[in-house]
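**Q** Provided below for reference: sequence and predicted model.
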Amino acid sequence: MTMLRALCPVLLCASLAACDKGPKSGEATAAPAAPATSSAGAAAAQAPRGTAFGAGVKLAEATPIDTILADPKAYQGKTVRVEGMVTDVCPRRGCWFDLAGSGPGKKLKFKVTDGEMVFPLDSKGKYAVAEGVVAVHELSLEQSKQYAEDQAKEYGTPYDPASITKPTSLVRLDGTGAVFRDQK
(Lines give C-alpha, C1' and ligand atoms only; values in the text may rest on other atoms or scores of the structure.)
Protein backbone atom coordinates (compact mmCIF):
# COMPACT_ATOMS: atom_id res chain seq x y z
CA MET A 1 0.00 0.00 0.00
CA THR A 2 2.89 2.39 0.80
CA MET A 3 4.42 1.67 -2.61
CA LEU A 4 1.07 2.44 -4.28
CA ARG A 5 0.84 5.79 -2.48
CA ALA A 6 4.37 6.64 -3.56
CA LEU A 7 3.60 5.82 -7.19
CA CYS A 8 0.31 7.75 -7.41
CA PRO A 9 1.91 11.22 -7.77
CA VAL A 10 4.34 9.88 -10.36
CA LEU A 11 1.57 8.28 -12.40
CA LEU A 12 -0.62 11.39 -12.17
CA CYS A 13 2.18 13.67 -13.35
CA ALA A 14 3.11 11.32 -16.16
CA SER A 15 -0.48 11.15 -17.38
CA LEU A 16 -0.82 14.94 -17.30
CA ALA A 17 2.36 15.73 -19.20
CA ALA A 18 3.58 12.69 -21.09
CA CYS A 19 2.55 10.82 -24.17
CA ASP A 20 0.07 8.00 -24.38
CA LYS A 21 0.22 5.02 -26.74
CA GLY A 22 1.36 6.70 -29.92
CA PRO A 23 0.19 6.61 -33.52
CA LYS A 24 0.04 3.51 -35.62
CA SER A 25 2.74 3.26 -38.25
CA GLY A 26 1.76 4.96 -41.50
CA GLU A 27 -1.39 6.50 -40.02
CA ALA A 28 -2.55 9.74 -41.64
CA THR A 29 -2.78 12.48 -39.07
CA ALA A 30 -3.35 15.79 -40.79
CA ALA A 31 -5.45 17.02 -43.64
CA PRO A 32 -5.54 20.42 -45.31
CA ALA A 33 -8.33 22.69 -44.17
CA ALA A 34 -11.09 23.14 -46.70
CA PRO A 35 -11.48 26.66 -48.02
CA ALA A 36 -14.58 28.53 -46.90
CA THR A 37 -17.45 28.71 -49.35
CA SER A 38 -20.35 31.12 -49.45
CA SER A 39 -22.87 28.30 -48.96
CA ALA A 40 -21.19 27.20 -45.76
CA GLY A 41 -22.41 30.26 -43.87
CA ALA A 42 -20.79 32.77 -41.54
CA ALA A 43 -19.14 30.19 -39.27
CA ALA A 44 -17.19 28.67 -42.16
CA ALA A 45 -16.14 32.13 -43.32
CA GLN A 46 -14.37 32.47 -39.96
CA ALA A 47 -12.64 29.09 -40.26
CA PRO A 48 -8.88 29.55 -40.28
CA ARG A 49 -6.90 28.44 -43.31
CA GLY A 50 -3.90 26.17 -43.09
CA THR A 51 -3.17 22.55 -42.23
CA ALA A 52 -6.01 21.18 -40.10
CA PHE A 53 -5.67 18.57 -37.37
CA GLY A 54 -8.53 16.67 -35.75
CA ALA A 55 -11.91 18.37 -36.02
CA GLY A 56 -10.35 21.68 -37.02
CA VAL A 57 -11.59 24.90 -35.42
CA LYS A 58 -15.26 25.86 -35.35
CA LEU A 59 -15.51 28.71 -32.83
CA ALA A 60 -15.31 32.19 -34.38
CA GLU A 61 -14.08 34.11 -31.33
CA ALA A 62 -10.68 33.52 -29.74
CA THR A 63 -10.02 33.83 -26.02
CA PRO A 64 -6.56 35.26 -25.25
CA ILE A 65 -4.22 32.74 -23.65
CA ASP A 66 -3.27 35.30 -20.99
CA THR A 67 -6.95 35.69 -20.03
CA ILE A 68 -7.33 31.93 -19.51
CA LEU A 69 -4.10 31.74 -17.49
CA ALA A 70 -5.14 34.70 -15.30
CA ASP A 71 -8.27 32.86 -14.09
CA PRO A 72 -8.20 29.26 -15.31
CA LYS A 73 -10.98 28.06 -13.01
CA ALA A 74 -13.40 30.46 -14.74
CA TYR A 75 -12.76 28.58 -17.99
CA GLN A 76 -12.47 25.05 -16.62
CA GLY A 77 -14.64 22.66 -18.63
CA LYS A 78 -15.41 25.27 -21.30
CA THR A 79 -14.59 24.89 -24.97
CA VAL A 80 -12.43 27.78 -26.19
CA ARG A 81 -10.52 28.88 -29.26
CA VAL A 82 -7.00 30.18 -28.71
CA GLU A 83 -4.36 31.51 -31.09
CA GLY A 84 -0.62 31.91 -30.83
CA MET A 85 2.86 30.93 -31.90
CA VAL A 86 3.84 27.27 -31.43
CA THR A 87 6.85 27.30 -29.10
CA ASP A 88 7.31 23.58 -28.47
CA VAL A 89 6.04 20.21 -29.74
CA CYS A 90 6.17 16.79 -28.11
CA PRO A 91 9.42 15.26 -29.40
CA ARG A 92 8.31 11.67 -28.82
CA ARG A 93 4.80 11.31 -30.22
CA GLY A 94 3.69 14.77 -31.41
CA CYS A 95 0.80 14.55 -28.94
CA TRP A 96 1.02 18.11 -27.60
CA PHE A 97 2.23 21.57 -28.46
CA ASP A 98 2.70 24.76 -26.47
CA LEU A 99 1.17 28.05 -27.59
CA ALA A 100 2.72 31.34 -26.50
CA GLY A 101 0.68 34.03 -24.80
CA SER A 102 1.66 37.68 -24.95
CA GLY A 103 4.24 37.74 -22.15
CA PRO A 104 7.31 35.81 -21.00
CA GLY A 105 6.40 32.47 -19.45
CA LYS A 106 2.80 32.71 -20.64
CA LYS A 107 2.03 29.52 -22.53
CA LEU A 108 -0.77 27.01 -22.80
CA LYS A 109 -0.29 23.33 -23.56
CA PHE A 110 -2.62 21.78 -26.17
CA LYS A 111 -2.79 18.03 -25.46
CA VAL A 112 -4.42 15.13 -27.28
CA THR A 113 -4.44 11.37 -26.85
CA ASP A 114 -1.53 9.88 -28.76
CA GLY A 115 -2.44 8.99 -32.30
CA GLU A 116 -5.58 11.15 -32.46
CA MET A 117 -3.54 13.96 -33.95
CA VAL A 118 0.21 14.10 -34.52
CA PHE A 119 1.87 17.50 -34.63
CA PRO A 120 5.11 17.63 -36.63
CA LEU A 121 8.29 18.77 -34.87
CA ASP A 122 8.80 21.41 -37.55
CA SER A 123 5.63 23.14 -36.31
CA LYS A 124 7.72 25.23 -33.90
CA GLY A 125 7.49 28.83 -35.04
CA LYS A 126 4.22 28.32 -36.90
CA TYR A 127 1.04 30.18 -35.99
CA ALA A 128 -1.72 27.96 -34.60
CA VAL A 129 -5.41 28.38 -34.04
CA ALA A 130 -6.59 25.70 -31.63
CA GLU A 131 -9.82 24.60 -30.00
CA GLY A 132 -10.46 22.42 -26.99
CA VAL A 133 -11.70 22.15 -23.42
CA VAL A 134 -9.83 23.95 -20.64
CA ALA A 135 -8.63 21.52 -17.96
CA VAL A 136 -7.18 22.58 -14.60
CA HIS A 137 -5.30 19.97 -12.57
CA GLU A 138 -4.50 20.89 -8.96
CA LEU A 139 -1.33 19.17 -7.77
CA SER A 140 -0.30 18.49 -4.19
CA LEU A 141 3.11 19.73 -3.03
CA GLU A 142 4.61 16.27 -3.61
CA GLN A 143 3.02 16.02 -7.08
CA SER A 144 4.28 19.52 -7.91
CA LYS A 145 7.84 18.50 -7.01
CA GLN A 146 7.55 15.30 -9.04
CA TYR A 147 6.19 17.22 -12.05
CA ALA A 148 9.03 19.77 -11.84
CA GLU A 149 11.56 16.94 -11.63
CA ASP A 150 10.02 15.18 -14.65
CA GLN A 151 10.08 18.41 -16.67
CA ALA A 152 13.72 19.05 -15.70
CA LYS A 153 14.69 15.56 -16.87
CA GLU A 154 12.81 15.92 -20.14
CA TYR A 155 14.39 19.27 -20.96
CA GLY A 156 17.81 18.58 -19.44
CA THR A 157 17.58 21.46 -16.96
CA PRO A 158 18.67 21.55 -13.32
CA TYR A 159 16.12 20.73 -10.63
CA ASP A 160 16.18 21.71 -6.96
CA PRO A 161 13.32 20.17 -4.92
CA ALA A 162 13.72 22.96 -2.34
CA SER A 163 12.64 25.47 -5.00
CA ILE A 164 9.10 24.02 -4.97
CA THR A 165 7.48 25.32 -1.80
CA LYS A 166 3.76 25.23 -2.58
CA PRO A 167 1.33 23.18 -4.65
CA THR A 168 0.83 24.20 -8.27
CA SER A 169 -1.86 23.92 -10.91
CA LEU A 170 -1.46 22.67 -14.45
CA VAL A 171 -3.65 24.37 -17.02
CA ARG A 172 -3.99 22.87 -20.47
CA LEU A 173 -6.32 22.63 -23.40
CA ASP A 174 -7.63 19.12 -24.04
CA GLY A 175 -7.65 19.51 -27.78
CA THR A 176 -10.33 18.73 -30.32
CA GLY A 177 -8.79 20.45 -33.33
CA ALA A 178 -6.14 22.85 -34.57
CA VAL A 179 -5.01 24.63 -37.72
CA PHE A 180 -1.33 25.51 -38.35
CA ARG A 181 -0.03 28.05 -40.82
CA ASP A 182 3.24 29.84 -41.47
CA GLN A 183 2.15 33.30 -40.34
CA LYS A 184 -0.55 35.14 -38.43
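**A** Everything's here; your move.
**Q** Pull the number of nearby residues for Leu121.
**A** The local packing of Leu121 (other C-beta atoms under 10 Å) involves 11 other residues. To be clear about C-beta, it is placed using only N, CA and C from the backbone, and glycine gets the same treatment.
**Q** from memory it sits against Arg92, does it?
**A** No: using C-beta atoms under 8 Å as the test, Leu121 is too far from Arg92 to be in contact (10.1 Å).
**Q** Helix or strand: which one has Asp174?
**A** Taking DSSP states H and E as the criterion, Asp174 maps to strand 169-181.
**Q** buried ones in that strand?
**A** In terms of neighbour count (16 or more other C-beta atoms under 10 Å), strand 169-181 has its buried residues at Leu170, Val171, Arg172, Leu173, Gly175, Thr176, Gly177, Ala178, Val179, Phe180.
**Q** Determine which two of those residues are furthest apart.
**A** Pairwise distances among those were taken by C-beta to C-beta; the largest, 24.6 Å, belongs to Leu170 and Val179.
**Q** Next one, pLDDT for the spatially closest residue to Lys107 that is not a sequence neighbour please.
**A** Once flanking residues are discounted, Lys107 sits nearest to Asp98: 4.7 Å by C-beta to C-beta, 6 or more residues apart in numbering. Reported pLDDT at Asp98 in the predicted model: 96.
**Q** how near is Asp98 to Val86?
**A** 7 Å (C-beta to C-beta, to the nearest Å).
**Q** of those two, who's got more company?
**A** Val86 (23 against 19).
**Q** The residue positioned nearest the centre of the chain and Pro158, how far apart?
**A** Nearest residue to the geometric centre of the chain (C-alpha atoms, centre = their mean): Phe110, 1.3 Å. Note on Phe110: its distance to Pro158, by C-beta to C-beta, is 27 Å.
**Q** How about the secondary structure of Glu131?
**A** strand (DSSP: H, G, I helix; E, B strand; the rest coil).
**Q** quick check, nearest of the buried residues of strand 169-181 to Thr67?
**A** Nearest to Thr67 among these, with distances taken as C-beta to C-beta, is Val171, at 11.7 Å.
**Q** residue contacts, that closest one?
**A** Ile68, Leu69, Pro72, Leu108, Lys109, Val134, Ala135, Val136, His137 (C-beta atoms under 8 Å, 6 or more residues apart in numbering).
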